[in-house]
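Engineer: Sharing a model prediction with you, sequence too.
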Amino acid sequence: MMKSNPFSPHPWTMWKYPWRKRNNRLVFTSLFGLFFLAAIGIPYGMTNRISEFFDWTLFDPSFGIDDGIPYMPLLNLAYFSFYAYYVLIPFFASTERQKQAAIVFSQRLFVATIPVFFIFLFAPVEVSIRTEVEGDDALTSLLSLIHIVDQPYNAWPSLHVGHSLCVVLCVPLIYNVNRFAYALLWVAWLLLTLSTMTTQQHYLFDVVTGILFALIAHYRFIKPAILQCNANKFDDAFEHLQANKPETSSG
C-alpha cells in the first residue's frame, strides 16, 4: 500500500486518492478519519485486548491526588471532543499548502506514536479508579459504553492528551490563526486534559507522560516536517501523487 519509506516525511503513495479529492472538503476530511481509525485505532485496540488477556501491570503509577479527583459528568463532553482533533487540521485546510501540511502532519503523528504501542504492550498499567464512574445520565451512559470497548489499560502516555496537544502545537505552523481563536483552542485542550482524569480514565502520571510524548513528537518528528512542507520541499512529491490524473474533484 505504501511504496515510499513510512518513516520519511515525504507524502506516502497511499495518499494519492485523498490528494486527488482534496477539493472536496467532506471526502478529504473523512479520509483522514479513516486513516486514523486504521492507523491508530487498530493497533490501540489490539494492544488493549492483549493487556486485558494477560491481566498484568508493570507498576502502579497512581498518586494520592488521583483518588481525590472527583468524577464530573459534564467534562465527559470535553473527553469525547478528542476524536475531532484528528480531523481538525484537514477540515480547515483551504490552500494547497495547508492540505499538504495536513497529510504530512498525519503521517508524522502516526510514526511518532509507534513507540507508544510498544509501551502499551510491554509496560502496561491498569487504571483502577473506574468504579467511581456512576450515574444514569446520558453522558455517563455514553462513557460506560466506551468502557466496554476500551479496557482500563493503554494508560500511559495518554494519547488523549498527547495527540490533541500535537494538533494544538501545529495549528499556528499551518494557519494564520488569530490570538482569540488560538486561546480558545488552548482552553479546549486544557478541559480535555482535565477530563481524562475527571472521567477516571487516566492518572496524573498518564497526563504528564502524554505531554512529554507530545513535546518530543512535535519538536522531533512533526514540526521539522511541517517547516519543510511550508518551504516547498515536498512539492515534487505531491505533484507525483497527482501524476497521470491531473483533474481534482470539485466540492
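Structural biologist: Nice, I can see it. Residues are numbered from 1 along each chain as shown.

Engineer: What residues does Val167 make contact with?
Structural biologist: For Val167, the contacting residues are Tyr85, Tyr86, Leu88, Ile89, by CB atoms under 8 Å, 6 or more residues apart in numbering. Backbone N, C-alpha and C define where each C-beta goes, glycine included.

Engineer: out of these, which is most surrounded?
Structural biologist: Ile89 (25 neighbours; other CB atoms under 10 Å).

Engineer: That one in helix, strand or coil?
Structural biologist: helix (DSSP: H, G, I helix; E, B strand; the rest coil).

Engineer: how about the nearest residue to it once chain neighbours are set aside, what does it touch?
Structural biologist: Leaving aside its chain neighbours, Ile89 sits nearest to Ala102 (4.8 Å; criterion: CB to CB, 6 or more residues apart in numbering). Ala102 is in contact with Phe32, Ile89, Pro90, Ala93, Ile174, counting by CB under 8 Å, 6+ apart.

Engineer: tell me the average confidence for the helix or strand hosting Ala102?
Structural biologist: Element membership for Ala102, per DSSP states H and E: helix 96-122. Helix 96-122 carries an average pLDDT of 96.

Engineer: got the buried residues for it?
Structural biologist: Within helix 96-122, the residues scored as buried using 16 or more other CB atoms under 10 Å are 97-113, 116-117, 119-121.

Engineer: Repeat that for stretch 127-136.
Structural biologist: Quick answer for stretch 127-136 (16+ other CB under 10 Å): Val127, Ile129, Arg130, Val133.

Engineer: Next, the contact list for the nearest residue to the third one once chain neighbours are set aside, please.
Structural biologist: It stands for Arg130. Excluding the flanking residues, the one nearest Arg130 by CB to CB, 6+ apart is Gln200, at 5.2 Å. Residues in contact with Gln200, defined by CB under 8 Å, 6+ apart, are Ile69, Tyr71, Val127, Ile129, Arg130, Glu132, Val133.

Engineer: just Asp66 next, same as before
Structural biologist: Counting by CB under 8 Å, 6+ apart, Asp66 has contacts Ile129, Met197, Tyr203, Leu204.

Engineer: at 7 Å instead, please
Structural biologist: Counting by CB atoms under 7 Å, 6 or more residues apart in numbering, Asp66 makes contact with Ile129, Tyr203, Leu204.

Engineer: Can you mark which positions in stretch 144-160 are buried?
Structural biologist: For stretch 144-160, using 16+ other CB under 10 Å, the buried residues are Gln151, Pro152, Tyr153, Asn154, Ala155, Trp156, Pro157, Ser158, Leu159, His160.
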